[in-house]
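Peer 1: coords please:
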Amino acid sequence: QVQLQESGPGLVKPSQTLSLTCTVSGESITPSDYYWTWIRQPPGKDLEWMGSIGKEGSNYNSPSLKSRTSISRDTSRNQFYLQLSSVTPEDTAVYYCAISKRLRVPPRNLASEFDYWGQGTRVTVSS
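Peer 2: Okay, the predicted model is just below:
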């Protein structure tokens, strides 16, 4: 069983950078076999793909967030990271990490295209 766990601050002030970590644990996986993805869901809205990091380390980002999003990984620690800069209250959401062996860019059905998900972490942007 593979488990993903998001971690990071639950409250971020406007204009600051939101930083989250996703730690993958459980049965042994080969990091290079997976795409690593961040997804969020603002209150009352649909899931939104933010971006992914590919098997070779290449990045795929949502055009709407590309200028503010940085996704990286440390395969030796089975962790990957999200940084979202210049946050506003509109960035308030539950943030999820997910991994999959395949990736469509952009994903068409977020609820079904990923093999494993974290439980999500709620981030509020407020002063």
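
Peer 1: what's the helix or strand for the residue most central in space within the chain?
Peer 2: Per CA atoms, centre = their mean, the C-alpha nearest to the average position across the chain is that of Trp38, at 1.8 Å. Assignment of secondary structure by DSSP states H and E places Trp38 within strand 35-41.

Peer 1: Now do the strands in this structure.
Peer 2: 2-7, 11-12, 18-26, 35-41, 48-53, 59-61, 69-74, 79-84, 93-100, 116-117, 121-125 (DSSP state E).

Peer 1: got the angle for the last one vs strand 35-41?
Peer 2: Spelled out, it's strand 121-125. 60 degrees (axes from the mean of the first three to the mean of the last three CA atoms, to 10 degrees).

Peer 1: Run the angle between strand 121-125 and strand 18-26 for me.
Peer 2: Orientation of strand 121-125 against strand 18-26 (the same axes, to 10 degrees) gives an angle of 180 degrees.

Peer 1: Okay, buried residues for strand 121-125 please.
Peer 2: For strand 121-125, the neighbour count (16 or more other CB atoms under 10 Å) marks 121, 123, 125 as buried. Using the backbone N, CA and C atoms, a C-beta is placed for each residue, glycine as well.

Peer 1: tell me what it is packed against?
Peer 2: The contact analysis (3 or more CB pairs under 8 Å, 6 or more residues apart in numbering; DSSP states H and E) places strand 121-125 against strand 11-12, strand 18-26, strand 93-100.

Peer 1: With Trp49 as the reference, name the closest of the ones you listed.
Peer 2: For Trp49, the closest of those is strand 93-100, at 9.5 Å, according to CB to CB.

Peer 1: which ones are touching the nearest residue to Ala111 once chain neighbours are set aside?
Peer 2: Nearest residue to Ala111 in three dimensions, chain neighbours excluded: Leu47, at 6.8 Å (CB to CB, 6 or more residues apart in numbering). By CB atoms under 8 Å, 6 or more residues apart in numbering, the contact set of Leu47 is 39-41, 96, 110-111.

Peer 1: Much appreciated, bye for now.
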